[in-house]
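Novice: Sequence plus the predicted model coming up.
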Amino acid sequence: MSNTPTPHIGARYGEIAPVVIMAGDPLRAKFMADKYLDNPVQFNNVRGMLGFTGTYKGTPVSVMGHGMGIPSIGIYTYELFNFYDVQTIIRIGSAGAYHTGLHIGDLVLAMGACTDSNYAAQYQLPGTFCPIADFGLLQKAAATCQELGYHYMVGNVVSSDVFYSDNPQADKWMKMGVLAVEMEAAALYMNAARAGKKAMALFTVSDHIVTGEVTTAEQRQTTFTHMMDVALSLV
């Protein structure tokens, strides 16, 4: 296609699979490609945002970083959906838990993504848009968690524009039953909705806002792969 490569992705049309699994950290995408994919080929290194295409159990799949925050994932997923004809994007990442039933290493499946971002303003909608996951992907992810024995919860997350807040308001989101906080899912879900494509975000709890639990290096190594197992079951 004449509009690829894009300003942010160096791949040519056809070099990216119809399903892309994305992580904020490009090195996590590289780890996933090395660990899970057969014959991975790097298709992107623009701005250090690594991307690889290979096969998983014979099915083509790509993995790629998306950076931190809604503006970053907004750019990458827009280009993937609209210029590379990607059909499905699955985000894997870490999240800070709000719900007291969640603990380090547990998984959160984001049925919906609240946000304090103004990202939806571009659509000039006559009301408030509710960014949600594709139900088929969500249903299958939950089934995989049950099959593999991974502890998980399904519900709302909040995609925040602010990591170091001058006015923390976690308690207000908690009162509304929000499970955890992260920084990207809402934009992913909005881009998917606008493009008529599918999206799903799932997270590993890396810390707990209420209890003060934090992840050790060993726990990150041994539990963050669970969300990768679940994501790959959706391919």
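Specialist: Arrived safely, thanks for sending. No experiment lies behind these values; they were computed from the predicted model shown.
Novice: For the residue nearest in space to the middle of the chain, report the pLDDT, please.
Specialist: Closest to where the C-alpha atoms of the chain average out (Cα atoms, centre = their mean) is Arg91, at 1.9 Å. In this model, Arg91 is scored at 98, pLDDT.
Novice: measure it to Gly149 for me?
Specialist: 23 Å (Cβ to Cβ, to the nearest Å). Bear in mind the C-beta positions are built from the backbone N, C-alpha and C, glycine included.
Novice: Once you drop chain neighbours, what's closest to the residue nearest to the centre of the chain?
Specialist: Counting by Cβ to Cβ, 6 or more residues apart in numbering, Ala201 is the residue found nearest to Arg91 once chain neighbours are left out, at 4.1 Å.
Novice: name the element that neighbour belongs to?
Specialist: Using DSSP states H and E, Ala201 falls within strand 198-208.
Novice: Can you pull out the residues in contact with the very next helix or strand once past that strand?
Specialist: Sequence-wise, the next helix or strand downstream of strand 198-208 (DSSP H and E) is helix 217-223. The set of residues external to helix 217-223 that reach it, using Cβ atoms under 8 Å, 6 or more residues apart in numbering, is 104-105, 204, 206.
Novice: Now the element after helix 217-223, going C-ward?
Specialist: From helix 217-223, the next helix or strand downstream (DSSP H and E) is helix 225-233.
Novice: quick check, Lys140 in a strand?
Specialist: No. Counting by DSSP: H, G, I helix; E, B strand; the rest coil, Lys140 is not found in a strand; it is helix.
Novice: May I ask you to confirm that it is in contact with Ser233?
Specialist: Yes. At 6.6 Å, Lys140 counts as touching Ser233 under the criterion of Cβ atoms under 8 Å.
Novice: so how far is the least confident helix or strand in the chain by mean pLDDT from its chain's centroid?
Specialist: Counting by mean pLDDT, DSSP states H and E, the weakest-scoring helix or strand in the chain turns out to be helix 217-223, with a mean of 70. A distance of 19 Å separates the centroid of the chain from that of helix 217-223, by Cα atoms, centre = their mean, to the nearest Å.
Novice: Go through that helix and flag the buried ones.
Specialist: 219, 223 (16 or more other Cβ atoms under 10 Å).
Novice: hey, C-alpha coordinates of it in CSV?
Specialist: Output of helix 217-223 as CSV, limited to C-alpha atoms (Å, rounded to 0.1, in the frame of the first residue of the first chain):
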residue,chain,number,x,y,z
ALA,A,217,11.9,-9.3,40.3
GLU,A,218,11.2,-13.0,40.6
GLN,A,219,7.4,-12.6,40.5
ARG,A,220,7.7,-10.4,37.4
GLN,A,221,9.7,-13.2,35.7
THR,A,222,7.4,-16.0,36.6
THR,A,223,3.9,-14.5,36.5
